[in-house]
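A.B. asks: pasting a predicted model and its sequence here:
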Amino acid sequence: MDVSIESAFKNFLEIDFKKIKKYKKAVLAKKETEPLHQMRVSLRRMRSVLFTFQSVIPKKITKKIDIKIATVASYCNRARDIDVYMETYLKKETLSSTESLLYKIVVHYREKEYKKIQKYLKSHKYKKLIRELRRWIQTKKWRKKLKKKELSAWKKTLFLLPKIF
């Protein structure tokens, strides 16, 4: 089965876009730390796709959308760093009195960071960004600024997959 560069690019972005939407609900529920981690991973993967395909889609075309994806990721970073710190250093059965005090302080700051993320994920700004990102992916908005030579590269086959059926 032939896969064009363009369809691979679009499919990779769509996969992680769907994951971001899925994990948003769990981050808002804030019962576990893993959804925040997975949301952040999906955002990084989307940015990686933009970077990886720079040979056929110049950075000047993807720069604005990349910055917007990075903005969402930046809201996740501090809370995730705190989660990792807690899992690494404060996840013991018994904590010393100093560690217990530190644990309480860290939990307080973790709550503050999660509230910031939740507020952002509920904001008009985030909803607008998601609509724009969905539209950018679905309508292949990146094509509009490509030159003819660049457009022809999109039609090339990325790789051949054997037919399974």
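C.D. replies: Received it, and whenever you're ready, just let me know what you need. Residues are numbered from 1 along each chain as shown.
A.B. asks: which residues in this structure form strands?
C.D. replies: Remark: strands assigned in the chain by DSSP state E are 2-4, 157-160.
A.B. asks: so what touches stretch 84-93?
C.D. replies: Residues from elsewhere that reach stretch 84-93, judged by C-beta atoms under 8 Å, 6 or more residues apart in numbering: 33, 99, 102-103, 106-107, 110. The way it works is simple: take the backbone N, C-alpha and C, and place the C-beta from them, glycine included.
A.B. asks: hmm, try it at 7 Å
C.D. replies: Outside of stretch 84-93, the residues that reach it under the criterion C-beta atoms under 7 Å, 6 or more residues apart in numbering are 99, 102-103, 106.
A.B. asks: and which of those residues is nearest Asp81?
C.D. replies: Nearest to Asp81 among the contacts of stretch 84-93: Val106, at 10.6 Å, using C-beta to C-beta.
A.B. asks: okay, the closest one: pLDDT?
C.D. replies: Val106 is assigned a pLDDT of 94 by the prediction.
A.B. asks: list the contacts for it?
C.D. replies: Counting by C-beta under 7 Å, 6+ apart, Val106 touches 82, 85-86, 90.
A.B. asks: centroid residue for the chain?
C.D. replies: In the chain, the centroid-proximal residue (C-alpha atoms, centre = their mean) is Leu43; its distance is 1.1 Å.
A.B. asks: from what I can see that one touches Thr71, true?
C.D. replies: No - contact status for Leu43 versus Thr71: not in contact, 9.6 Å apart, counting by C-beta atoms under 7 Å.
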